[in-house]
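Enquirer: turn this into a structure:
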Amino acid sequence: MAYPVDNIIPVNVIISPSGLGYANFSSAFVFADQADLASLVTFDANTFRDYSTTSEVAEDFATDSAVYHIATRYFAQIPKPPQISVWMKDPLDTGIVDTLNKAADEAWRYHQFLKLSDLTEANALAVGDWGDANSRAIWATFSAAGILDPQSDTDIMSVLKAKGNRHMFAGFKSSGQVATDPTQ
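Expert: The predicted structure is shown next:
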């Protein structure tokens, strides 16, 4: 038996995003030092600049700097993120968490990319806690050989896992791979 057309009720469904409408989850901060800059470029501490291409990053930063390497990897994603922000660290900051707080007070960026020299095993737990407290993703790469030992529960990766930080995303690259290709 057929259903009469007169009994069909037209329904309009309007789907739109709601909540966290201001959040841009493809936004990122990279943290730089004055030594990362290209020659003759000035960049005030405790400020940031937005870049939309790697060529823009190369105008301000040396192409062999960690900042340039991070930006190159970031823009290689598909789909390509619209921009990356670089925060110039203050050498007088008491630590990387102090720097992260200053950047977070200035602008909301979801991803936080730290250079290998900035994220050490000694401060990784504090940085992971900061990421959880501020709902920001921290991307980390570690190279300690002890990480590969499945029996170890004292290496930084095991400690981070046991702690349960939800916004710390850590990976492993051997120190040989990093020495061969510093963009890692």
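
Enquirer: how much space between Asp44 and Ala179?
Expert: 33 Å (C-beta to C-beta, to the nearest Å). For glycine as for every other residue, the C-beta is placed from the backbone atoms N, C-alpha and C.

Enquirer: can you count the residues close to the closest residue to Ser143 other than its chain neighbours?
Expert: Nearest residue to Ser143 in three dimensions, chain neighbours excluded: Ser175, at 4.3 Å (C-beta to C-beta, 6 or more residues apart in numbering). If you count neighbours by other C-beta atoms under 10 Å, Ser175 ends up with 12.

Enquirer: how about Ser175, phi and psi?
Expert: phi -60, psi -30 (degrees, to the nearest 10).

Enquirer: I'd like the numbering to begin with 6 instead of 1 from here.
Expert: I'll keep to 6 as the first residue from here, and by that count the last item is Ser180.

Enquirer: pLDDT wise, what is it at?
Expert: The score at Ser180 is 82. That number is its pLDDT.

Enquirer: so it sits against Thr146, correct?
Expert: No - checked against C-beta atoms under 8 Å, the pair Ser180 and Thr146 is beyond contact range at 10.7 Å.

Enquirer: what comes into contact with the worst-scoring helix or strand of the chain on mean pLDDT?
Expert: Least confident helix or strand, the chain: helix 180-185 with a mean of 80, by mean pLDDT, DSSP states H and E. By C-beta atoms under 8 Å, 6 or more residues apart in numbering, the residues outside helix 180-185 that reach it are Leu121, Thr146, Ser148, Ala150, Gln189.
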